[in-house]
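Undergrad: predicted model follows, preceded by the sequence.
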Amino acid sequence: MRVVIAGQGYVGLPLAVRAAEVGHRVVGYDVDERRIKRLAVGESYVEDIPAERLRPLLENGSYLPSAEPSDVAGFDVAVITVPTPLREGVPDLSFIEASAALLAQHLRPGATVVLESTTYPGTTEELLAPLLEAGSGLTAGRDFHLGYSPERIDPGNPTWRLENTPKVVSGIDPASLAAVEGFYGGLVERTVPVSSCKEAELTKLLENTFRHVNIALVNELAMFAHDLGIDVWEAIDAASTKPFGYLRFTPGPGVGGHCLPIDPSYLSWRVERALGQSFRFVELANDVNSHMPDYVVRRLAEALNDRQRSVKGSRVLLLGLAYKKNTGDARETPAARVAELLVRMGAEVRAADPHVVVGVHVPEPVIPGQRAAEHDPHGDPFGAVRRVEASPEELAAADAVVLLADHDDFDYEAVTAHARYVLDCRRRLPRGAAVEVL
Ligand SMILES: NC(=O)c1ccc[n+]([C@@H]2O[C@H](COP(=O)([O-])OP(=O)(O)OC[C@H]3O[C@@H](n4cnc5c(N)ncnc54)[C@H](O)[C@@H]3O)[C@@H](O)[C@H]2O)c1
C-alpha cells in the first residue's frame, strides 16, 4: 500500500520505518525541513532508529522523507503523528488541524486515515472527521475509513518496541476498524480492538495518567521519608518484591517528555469542559511532579549550606539534561527548570549530556545566554548553561554535581572518584560520604 505518515518524530519515524520494512511504499511527511534533510541523507535523530535501518529503505525507495505537501497524494493509508502540546494549559490541536487540511485535499474514496497523536476522547469523531469531510467532499465511514490508534512507544526501551508492544486500534464503524486493524496487523504482533475511537483515546490517557499519578505518589513519599530519616528507596525495593497488587515506580527530579507533563491535562481539560468537574488526581499529580525541580534545588542548597557555601557563586555540574536515561529527548525536561532556578540564584551552572545535541534535540539559542520562553518549542531551554563533558576536571571543579538523568554512558566511577558532592536523583551511585540520594 501507499502509506503517508504525517509527522516524522519519536512516534512517526519508527512507524514509517516499520511500514517500509514490511513492504509498503511510505512517504514520511514533515513540515520541519531540517529534519527531512537529515533523514534524506540517512541520518536519524531518534535513538531507536539507527542509520543502518534507515539507509537501506532510502536506497530501495520504499521510504521517502519529504517536506513537499504534494508528495502525500495518492495514499491508501495516512497516519497522523504530529505534536499535541498544551498552550497556556489548554489543548493545542492546531497541528492535527493542519495535517487534516492537507490530507483532506488528497483523500480518495476507499482510503484510511488514522490518528495516533495523544488527545482527549472525542477528537477523532468531533474534530478530525468534520475537517476531513469538509476538505475532501467525502463522508467518513461511507467513503473513507477513519480510526484512532494510540502510540505506546517508549524511546530508548530495547525490550518493548513497536513490533512487540500490543497496539490498541479503533474505528468510527466496523469497516473502519477492520481497515485500521488490517493495517496495524501487518506491522505489530498483536492488535487490541476496542469498540469506538473514544475508548481508544481514553486508553492512552489512562495509561499516562496512571504513570503520572504513581510517580507523584513516590515523589511525595520521598520528600516526607527524607525528612523522617527513612530510606524510601529501600522501602520501594522491598515493596517491589510483592508479586501481586504492586507496581514499582521510583522518585526523580520531575517528569518530562511529550507525554506525562501534558497528556493528563488533556483529560482533565475534557472532564472540566464536558462535566464542569475537576479531575483532582491529575491536578494533585501535576502539582507534586512540577515542583520536584524546586525540591531538588532546595536539597542542593541545604547540602551546599552544610559545606559553608551558598548557591550564589557555587559551580554546579548537572549530569543528564534529557528527561530520562539513554534518550536525547529534552522536551519538558525537569533539568531545564533546575538549571533555570540555579542560574536565577546566581550559581555557575554547567551541564553534561552526550545525548542531548544542540541543533538536533535543542535548537541553537537565538541569543546566547538567554533562556527562551517556556512554551517556545524552538527555544533552547539551556541557553544560559555552559555545555561541557563530564571529565574528571569538570567533576572535581564543581562544588556540587546533580545527577538528573542516569545515562548508561556516564563514567560513574569517575563521578564518585572526583566529585566533591553529588545529589543523586536516580540512586545510581553507591552511597558514600559525598553522595546523597534524593
Ligand atoms: N514521544 C513519545 O514517547 C510518545 C509516545 C506516545 C505518544 N506520543 C504522542 O505522539 C504525538 C507525536 O509525538 P512525537 O513525540 O513523535 O513528537 P515529535 O515532536 O517528536 O514529532 C512530531 C513531528 O511532527 C512534525 N509536524 C508538526 N506539524 C506538522 C504537520 N502539520 N504536518 C506534518 N508534520 C508536522 C514536527 O515537525 C515533528 O517533527 C504526540 O501527540 C504525542 O503525545 C508520543
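TA: Noted; the coordinates are in hand. Numbering: from 1, shown residues only.
Undergrad: now for the closest residue to the ligand within the stretch 251-400 of the chain: which residues touch it?
TA: Using CB to the nearest ligand atom, His258 is the residue of the stretch 251-400 of the chain that sits closest to the ligand, at 4.3 Å. Any C-beta I mention is one placed from the backbone N, CA and C, and that applies to glycine too. Neighbouring residues of His258 by CB atoms under 8 Å, 6 or more residues apart in numbering: Tyr10, Pro83, Pro85, Thr118, Asp329, Arg331, Glu332.
Undergrad: for the longest helix along the chain, buried residues please.
TA: Taking DSSP state H as the criterion, the chain has its longest helix at helix 197-228. Buried positions in helix 197-228, judged by neighbour count with 16 or more other CB atoms under 10 Å: 197-198, 200-205, 207-209, 211-213, 215-216, 218-223, 225-226.
Undergrad: show me the shaky parts of this protein.
TA: Residue ranges of the chain with pLDDT under 70: 358-384.
Undergrad: could you rerun that using 90?
TA: 10, 44-48, 85-90, 153-158, 256-270, 272-274, 277-278, 326-332, 355-387, 430-434 (pLDDT under 90).
Undergrad: domain boundaries for it, per the record?
TA: For the chain, automatic domain parsing gives the domain ranges 2-195, 207-290, 292-438.
Undergrad: near the ligand, which residues of the protein show up?
TA: Within the chain, the residues that sit near the ligand (CB under 6 Å from any ligand atom) are 6-12, 29-32, 35, 81-84, 95, 98-99, 117-118, 151, 153, 155, 257-259.
Undergrad: what residues are up against the residue in the chain positioned nearest to the ligand?
TA: As assessed by CB to the nearest ligand atom, the ligand sits closest to Gly9 within the chain, at 1.8 Å. By CB under 8 Å, 6+ apart, Gly9 lies in contact with Asp30, Arg35, Val46, Thr81, Pro83.
Undergrad: ok, which pair from those residues is furthest apart?
TA: Within these, Val46 and Pro83 form the most distant pair, 14.4 Å apart (CB to CB).
Undergrad: neighbour count winner among those two?
TA: Using other CB atoms under 10 Å, the more surrounded residue of Val46 and Pro83 is Val46, with 23 against 17.
Undergrad: grab the nearest non-local neighbour of the more buried one.
TA: Leu13 (5.0 Å; CB to CB, 6 or more residues apart in numbering).
Undergrad: over to Val311?
TA: In space, and not counting its chain neighbours, Val311 is closest to Met345: 4.4 Å by CB to CB, 6+ apart.
Undergrad: what's the burial count for the one you found?
TA: Met345 has 17 neighbouring residues, counting by other CB under 10 Å.
Undergrad: hmm, Val316 and it touching each other?
TA: No - Met345 is beyond contact range of Val316, at 9.7 Å (criterion: CB atoms under 8 Å).
Undergrad: quick one, strands of the stretch 51-200 of the chain?
TA: Applying DSSP state E, counting those that start in this stretch to the stretch 51-200 of the chain gives strands spanning 63-66, 77-80, 86-87, 90-91, 112-115, 145-148, 167-171, 191-193.
Undergrad: need those strands in JSON lines with distance to Gly182, can you?
TA: Shown next, in JSON lines, are the strands of the stretch 51-200 of the chain (distance: least, CB to CB, whole Å):
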{"stretch": "strand 63-66", "distance to Gly182": "21"}
{"stretch": "strand 77-80", "distance to Gly182": "9"}
{"stretch": "strand 86-87", "distance to Gly182": "34"}
{"stretch": "strand 90-91", "distance to Gly182": "30"}
{"stretch": "strand 112-115", "distance to Gly182": "9"}
{"stretch": "strand 145-148", "distance to Gly182": "10"}
{"stretch": "strand 167-171", "distance to Gly182": "9"}
{"stretch": "strand 191-193", "distance to Gly182": "9"}
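Undergrad: re the thing from before, elements contacting the helix or strand harbouring the residue nearest to Val46?
TA: Using DSSP states H and E, Leu13 maps to helix 12-21. Judged by 3 or more CB pairs under 8 Å, 6 or more residues apart in numbering; DSSP states H and E, helix 12-21 is in contact with strand 2-6, strand 25-29, helix 51-59, strand 63-66.
Undergrad: surely Pro430 is within a helix?
TA: No - using DSSP: H, G, I helix; E, B strand; the rest coil, the assignment for Pro430 is coil, not a helix.
Undergrad: for it, what are phi and psi?
TA: phi -60, psi 140 (degrees, to the nearest 10).
Undergrad: next one: Leu423
TA: Per degrees, to the nearest 10, the backbone of Leu423 is at phi -100, psi 110.
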